[in-house]
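Participant: What follows is a predicted protein model with its sequence.
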Amino acid sequence: MKKNIVKARLKAGKASVGTWLSLCSNIAAEYMAQLGWEWLVVDTEHSPIGFEKTIACFQAICTTNTIPLARVAWNEPVLIKRLLDGGALGLVIPMVNTEEEARRAVAAMKFPPEGIRSIGGGRCTVYGDDYFDTINNEMVVIVQAEHIQAVENIEAILSVEGVDGCFIGPNDLAGSMGIRYGRGGQHPEFEAAIQKVLAAAKKTGKAGGIHCRSADEVVRRLDEGFRFLACQNDAGFMRQAAKDALGKFLKHPAL
């Protein structure tokens, strides 16, 4: 069975940094994996990616040591099963707001007797003949804390056996608090909610996670104690690099 280095690092109390894939491109996934990210999340919630292209992204990532993860569209066993059978070695589950919802997510990701995941074939068997015997211990389960209700219940959510950590979705969390999109980072109540999630993660021994807009923010959140961090996404990196390049010559007098 392929060793899940992300699972091992989080279990050991170490931090792990990756990024999101939203360009719906296995070529982009391959380029990003070759750079040495520890994990890449194929976003099947907010990008228009189809299932076969998702599998192609997993295949491209697996040419490297990078761990293929995905964000499932919803906390739904059928959707979860397909992504795991397709080769995801962990999932980010959106809008997990209660302890019961966390338990449902874990159950959907684990084979019996620990869960309800159907035992079938699928591309997951490329990881080795012992996949079905070992994957329950190698699968990364990250629940998203992206609503104020999740923040209120965060200690109970993180105390669920099988949950490896949580991941703050800043935009949705801010929206659930009535804070204007994009302004969360400047609002004291929003930052207090983030710190409450982090404190619960530390108390329960689970990995606190958050999506960061820049490398500087990653460094700041690492210093605070966050351990599962995403830096930007592939589309964001592309846009920023193009914007920076254009800014260097668009005002040239020859143009």
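Facilitator: Cool, got the structure.
Participant: Enumerate every residue touching the spatially most central residue of the chain.
Facilitator: Nearest to the mean C-alpha position of the chain, counting by C-alpha atoms, centre = their mean, stands residue 92 at 4.5 Å. With contact set as C-beta atoms under 8 Å, 6 or more residues apart in numbering, residue 92 has these partners: 41, 69-72, 142-144, 167. Placement of C-beta: from N, CA and C, glycine included.
Participant: Closest one to residue 226 out of those, please.
Facilitator: The nearest member of those to residue 226, counting by C-beta to C-beta, is residue 167 at 9.7 Å.
Participant: where does the nearest residue to that closest one once chain neighbours are set aside fall, helix, sheet strand or coil?
Facilitator: Of all residues not flanking residue 167 in the chain, residue 209 sits nearest, at 3.8 Å (C-beta to C-beta, 6 or more residues apart in numbering). Three-state assignment for residue 209 (DSSP: H, G, I helix; E, B strand; the rest coil): strand.
Participant: Residue 209: what's it in contact with?
Facilitator: By C-beta under 8 Å, 6+ apart, residue 209 lies in contact with 142, 165-168, 226-230.
Participant: Specify the beta-bridge partners of it.
Facilitator: Beta-bridge partners for residue 209, by DSSP bridges, are residue 167, residue 228.
Participant: Could you measure from it over to residue 248?
Facilitator: Applying C-beta to C-beta, to the nearest Å, the value for residue 209 to residue 248 is 35 Å.
Participant: How many residues are close by residue 104?
Facilitator: The local packing of residue 104 (other C-beta atoms under 10 Å) involves 20 other residues.
Participant: distance of residue 116 from residue 66?
Facilitator: 29 Å.
Participant: Buried ones in the helix or strand bottoming out on mean pLDDT in the chain, by neighbour count?
Facilitator: Using mean pLDDT, DSSP states H and E, the weakest-scoring helix or strand in the chain turns out to be helix 170-176, at a mean of 94. For helix 170-176, the neighbour count (16 or more other C-beta atoms under 10 Å) marks 170, 172-176 as buried.
Participant: just checking, what packs against the next helix or strand after it?
Facilitator: Downstream of helix 170-176, the next assigned helix or strand under DSSP states H and E is helix 188-204. Helices and strands touching helix 188-204, by 3 or more C-beta pairs under 8 Å, 6 or more residues apart in numbering; DSSP states H and E, are helix 148-152, helix 154-158, strand 165-168, helix 170-176, strand 207-212.
Participant: between residue 116 and residue 66, who's got more neighbours?
Facilitator: With neighbours defined as other C-beta under 10 Å, residue 116 and residue 66 compare such that residue 66 has more, 23 against 16.
Participant: got the contact list for the more buried one?
Facilitator: Counting by C-beta under 8 Å, 6+ apart, residue 66 touches 18, 32-33, 36-40.
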